[in-house]
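J.: give me the fold of what follows.
(2 chains)
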Amino acid sequence: MYRTHHCNELRKSDAGETATLVGWVNTKRDQGGVIFIDIRDREGVTQCVFRSEESAEATELSHKLRGEDVVQITGKVEVRPELDGESTFNEAIQTGEIEIVATGLKVLNKAEVLPFQLDKELSNEDLRMKYRYLDLRRPRMAKNLKMRHTITKAIRDDLDDQGFLEIETPILSKSTPEGARDFLVPSRLSPGKFYALPQAPQQYKQLLMVAGVERYFQIARCFRDEDLRADRQPEFTQVDVEASFVTQEDIYSMMESLLARSFKASRDADVSAPFPRITYQEAMDKYGSDKPERRFGCEIVDVSEHFKDSGFGVFKRAIEGGGVVRAINAKGFAGVSTGQIKRLEEIAKEAGAGGLAYIQVRGAAHDTWRSPIVKFFSEEELAAIEKDLNIEEGDLILFGCDKWATVCDVLGRLRLECCEMNNWLEGKDDELDFFWVTDFPLLDFDEEEGKWNAVHHPFTRPHPDDVALLDDESRWGEIRGAAYDVILNGNELGGGSLRIHEADLQAKMFNVLGVDDEEQAENFGHILGAFQYGAPPHGGIALGLDRLVMLACGEDSIREVIAFPKNNKGSDLMSASPAEVDFKQLREL
RNA sequence: GGAGCGGUAGCUCAGUUGGUUAGAGCGCCGGCCUGUCACGCCGGAGGUCGCGGGUUCAAGUCCCGUCCGCUCCGCCA
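T.: Reported below is the predicted structural model:
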């Protein structure tokens, strides 16, 4: 037996017992005659004290210990003494009222000096990744791994309670033409042919519904060969869920239960359900984003009405061209610097704006408003926006004028940047704003390709009120999908939809998307076929587990919650993958 | 594919308008210390300033190129 207790177990009530601990040397404080060793394992830290009068041999050996040596220490549990009326308790650790008075020390394995210190923050990402097994010893990383387990378990327990079966689907699967770039795997037994790694188990889970499983879930690894980001890895994990005979409301409440349980388990947070719902239209109009951060105000206000006949040609022409004029009021940000204005202008242009119109409201009187454009505004126009935007001294007003979609994007990004510049979210870490965005558009016209694409995916069911519009191409842009996203604090946690379960409607949908009969038969024949044999109405959702855990941990990159992530270029610096392979291996393909 | 920021000791960083032998903290090595917990004190080692080229009497510092990392845009049904 290696140990009698773990390193976060012993308390005052254990005083007098003999205990054996194993773990790593966290720190050594060598006072000459008395040596303190903090021994650390997964659970925590315990102080061990070595004195020559207790054990000459162990004490002699303890002088030679180095950080991260793996040791086994035996001794008597004692309450830490009071010296000259001063307590020697350490309130920073949970075992701080006791210590092990060591009588035995065994070095199980010596450690070289580490390439970095575990108790210091480290900014060198390559180094962390190269020695990820050491990086993961750091308390923050160890906590994140544990949190991921806790959340995953809460999810499994919750879905199990709701009657879901966990079922695995193939990793070696088939490439689908739509969507992200696939990772391909050559097939040796079928030369010239390839498997694709799944971007999501979408078709398999729908086929499980046809199979009569009724409620399926999977903690599913998914693969996409696209460029990486702080919240994107080439392989990532989704909580993939599908259920038969359910309405949208059923799916909402299933997920609300799951998310509430996850955050209770991980952060002891009380999440109230049902979550608020807003439509895609409302999200775009008010926040300029389909995954809005709502924890600060600064909502978008439409002021088109006031500028229809404006003397300011830029606004007037935008409205005449079928566009809109909208603005946000960045409260108290009149003191914006020229550098910041320049940055905001850049962001606006990146989002497609021609430029950035703004007003720095220096005082109550309109003639104190500092702005390159205000001289073109009439007194009525100034009064109207003052009222609509609730303009007060000290505010900064930012305008967008263009097509609706462009203005949404421009002002949506500007409000996030203003938030960033002003730290409006400071102190709001514990505020959890969960909500649903509903009624997404079903189709989106791709100008470059000159064709309609599915906003969600081609299996998404049209909104029941809009099905008839599928027969009128001029109105395809108006069709809403029975699709929904769940958002937390401006992050998309996941999205899903009710699916098409009728073969004829699915075929019609493929036709709308420009997938011809031959292609349908080749790529989707199995699912169209399956729908002919009694497919139940069904729907589902997929949640990004990495992102969920990231938010629960308060991290800002999913790399911090994945044990062995890839870097920006998709490489694993520890194992040096991807790597070249032997000619022999290639030849066998 | 594009933009921004960064690369100086094992780690985190400083390094002025180009100017002596490139510094600090932590870590490491040696010594001292019987109540520390970021232990303390004394001493010491440790650098091709990412790499290549250029300007200059002189480059960590300026210029060009290149590699690597991070962030963002594009992309991610």
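
J.: could you list every helix and strand in contact with the longest helix anywhere in chain A?
T.: Taking DSSP state H as the criterion, chain A has its longest helix at helix A:139-161. Judged by 3 or more CB pairs under 8 Å, 6 or more residues apart in numbering; DSSP states H and E, the packing partners of helix A:139-161 are strand A:165-166, strand A:215-223, helix A:248-267, helix A:545-553. No exception for glycine: its C-beta is placed from N, CA and C like everyone else's.

J.: of all those, which lies closest to RNA strand B?
T.: strand A:215-223 (8.7 Å; CB to the nearest atom of the strand).

J.: partners of that closest one in the sheet?
T.: Strand A:215-223 has the following strand partners under DSSP bridges: strand A:165-166 (parallel), strand A:235-244 (antiparallel).

J.: out of those strands, which comes closest to RNA strand B?
T.: Taking those one by one with CB to the nearest atom of the strand, strand A:235-244 is closest: 9.6 Å.

J.: does RNA strand B sit close to that closest one?
T.: No. Counting by CB under 7 Å from any atom of the strand, RNA strand B has no neighbours in strand A:235-244; the shortest distance is 9.6 Å.

J.: what is the rounded mean pLDDT of that strand?
T.: Regarding strand A:235-244, the rounded mean pLDDT is 98.

J.: repeat for stretch A:462-474
T.: So the average pLDDT for stretch A:462-474 ends up being 94.

J.: dump that stretch to CSV, keeping only the CA atoms.
T.: Extracted C-alpha coordinates of stretch A:462-474, given in CSV (Å, rounded to 0.1, in the frame of the first residue of the first chain):
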residue,chain,number,x,y,z
PRO,A,462,-38.7,25.3,-42.0
HIS,A,463,-40.9,27.2,-39.5
PRO,A,464,-44.4,25.7,-39.9
ASP,A,465,-45.8,29.1,-41.0
ASP,A,466,-43.2,29.5,-43.7
VAL,A,467,-43.2,26.1,-45.4
ALA,A,468,-45.3,27.4,-48.3
LEU,A,469,-42.7,30.0,-49.2
LEU,A,470,-40.4,27.2,-50.4
ASP,A,471,-42.4,27.3,-53.6
ASP,A,472,-41.6,31.0,-54.2
GLU,A,473,-37.9,31.7,-54.8
SER,A,474,-38.4,35.4,-54.5
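
J.: residues making contact with that stretch?
T.: With contacts defined as CB atoms under 8 Å, 6 or more residues apart in numbering, stretch A:462-474 is touched by A:439, A:442, A:475-476, A:478-482, A:505, A:508-509, A:512.

J.: recalculate using a threshold of 10 Å.
T.: With contacts defined as CB atoms under 10 Å, 6 or more residues apart in numbering, stretch A:462-474 is touched by A:438-443, A:452, A:461, A:475-483, A:497-498, A:500, A:505, A:508-509, A:511-512.

J.: where's the residue in the stretch 451-589 of chain A that RNA strand B sits nearest to, which helix or strand?
T.: Residue nearest to RNA strand B within the stretch 451-589 of chain A: residue A:568 (2.5 Å; CB to the nearest atom of the strand). Assigned by DSSP states H and E, residue A:568 belongs to no helix or strand.

J.: what's the neighbour count on it?
T.: By the measure other CB atoms under 10 Å, the count of residues near residue A:568 is 11.

J.: those helices in the stretch 401-550 of chain A, which residues are they?
T.: A:404-422, A:503-512, A:517-530, A:545-553 (DSSP state H, counting those that start in this stretch).

J.: which of the ones you listed sits closest to residue A:112?
T.: In terms of CB to CB, the element of these nearest to residue A:112 is helix A:545-553, at 30.2 Å.

J.: for the helix or strand following that closest one, buried residues please.
T.: Once helix A:545-553 ends, the next helix or strand along the chain (criterion: DSSP H and E) is helix A:583-587. Within helix A:583-587, no residue counts as buried by 16 or more other CB atoms under 10 Å.

J.: quick check: mean pLDDT of helix A:583-587?
T.: Here the average pLDDT along helix A:583-587 is 88.

J.: likewise for stretch A:277-285?
T.: For stretch A:277-285, the per-residue pLDDT averages 97.

J.: out of the strands paired with strand A:215-223, which is closest to residue A:429?
T.: strand A:235-244 (23.6 Å).

J.: next, the angle from the closest one to helix A:545-553.
T.: 100 degrees (axes from the mean of the first three to the mean of the last three CA atoms, to 10 degrees).

J.: list the buried residues of strand A:235-244.
T.: Buried, per 16+ other CB under 10 Å, within strand A:235-244: A:236, A:237, A:238, A:239, A:240, A:241, A:242, A:243, A:244.
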